[in-house]
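Student: Sharing a model prediction with you, sequence too.
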Amino acid sequence: MPARWTMRSGADVAGNVQMVWTSETASALFSAGYTDYGDQASGHAAAVREALLRASRGKLVAEAVMHTPHPGGSSFTVEGLATDGSPRSLRIWLFPRDKRLYQLAVIARPEAVSEAEAEVFLLSFKTDN
């Protein structure tokens, strides 16, 4: 994490366990987390993606299937709005591993974090499996 992090845990509306670590700098929010499902997480990725798009109040500007470093995942970029109405760029990675769906995100003003800087954070994430 690029700055001191905080951890939040809880459950979603269906009772699935969620863990999220966030780190905030002056210009961006960095987030890494996961949700544990009772069945294969790959079946939940599309619904989570749609929920993130709705929550961002933005439009999808790029999307790709991940081959490395997390095969079977997806990466997408959304240009959206913060709660105060100011523009935000969201770079999000979603990837399933068995019953766990990982989410990584970099949320910032569009010019605040370069693609290369975001990738340093995103590529630093490793799973046990």
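Tutor: That came in fine, so what should we check first?
Student: going forward, measure contacts between C-alpha atoms and count neighbours the same way
Tutor: OK.
Student: Going toward the C-terminus from the biggest helix by length in the chain, what's the next helix or strand?
Tutor: In the chain, assigned by DSSP state H, the helix with the most residues is helix 45-56. Going down the chain from helix 45-56, the next helix or strand is strand 59-65, by DSSP states H and E.
Student: relative to helix 45-56, how tilted is the longest strand along the chain?
Tutor: The single longest strand within the chain, with elements called by DSSP state E, is strand 87-97. Using axes from the mean of the first three to the mean of the last three C-alpha atoms, to 10 degrees, the inter-axis angle of strand 87-97 relative to helix 45-56 is 160 degrees.
Student: residues making contact with whichever helix or strand comes after strand 87-97?
Tutor: Remark: after strand 87-97, the chain's next helix or strand is strand 100-108, criterion DSSP H and E. With C-alpha atoms under 8 Å, 6 or more residues apart in numbering as the test, strand 100-108 has contacts from 27-37, 40-42, 44-45, 88-96, 118, 122.
Student: Sounds good, over and out.
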